[in-house]
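> Sharing a sequence plus its predicted fold:
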Amino acid sequence: MGYQYLFGCIFCTVYGQLILKWRIGSYGQLPDGLVEKIQFLARVLLDPFILSGVASAFLSSLFWIAAMTRFSLSYAYPFMSLSFVLILALSGLLFRESVDLYKLGGMILIVAGIFVSSRSLV
């Protein structure tokens, strides 16, 4: 059951990041003035998709708490790196962001690191 908590955490993290990236683009950049920043953030936080991304971050935290009851931190935390891999792949597919050889090489190293660290005892 512990791995389901880890992957729930990863899924919610990836979902939240992708949704926020998708929706924030329609609001433009954060303004410079304090009043304008507050107004901007109020508008953004009323967006139902952005609210779902924020809720997803909270749900991710709950999954992480549950995972911590099953695994040591040093064992579980490297699995969170899978979110980097998924976000790289999905941002390339969904947002047409650049995925070059350096990024792919980095992702291969991350996956190799997860494999090596998962060989340790829980």
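Thanks, I have it. Predicted model, so just to flag it, every value in this text is computed and none were measured.
> Please list the residues outside the longest helix belonging to the chain that contact it.
When the chain is parsed with DSSP state H, its longest helix is helix 2-24. The set of residues that contact helix 2-24 without belonging to it, under Cβ atoms under 8 Å, 6 or more residues apart in numbering, is 44, 47, 49-50, 52-54, 56-57, 59-61, 63-64, 66-67, 69-71, 76, 79-80, 82-83, 86-87, 90-91, 94-95. To be clear about C-beta, it is placed using only N, CA and C from the backbone, and glycine gets the same treatment.
> Going through those, which ones are buried?
Members of these that pass the buried threshold by neighbour count (16 or more other Cβ atoms under 10 Å) are listed as 44, 47, 50, 52-54, 56, 59-60, 63-64, 66-67, 71, 76, 79-80, 82-83, 86-87, 90-91.
> I'd like the next helix or strand past the longest helix of the chain.
helix 34-45 (DSSP states H and E).
> Name the residues of that following helix that are buried.
Taking 16+ other Cβ under 10 Å as the basis for neighbour counts, the residues of helix 34-45 that come out buried are 40, 44.
> do stretch 104-122 as well
107, 110, 114.
> Restricted to helices, list those residues.
Among those, the members falling in helices are 107, 110, 114 (criterion: DSSP H).
> could those be laid out in TSV, adding distance to residue 27 and pLDDT?
Output for those, formatted as TSV (distance: Cβ to Cβ, whole Å; pLDDT from 0 to 100):
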residue	distance to residue 27	pLDDT
107	29	88
110	31	87
114	35	83
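> thought residue 114 was touching residue 80?
No: here residue 114 lies out of contact with residue 80, judged by Cβ atoms under 8 Å, at a distance of 9.3 Å.
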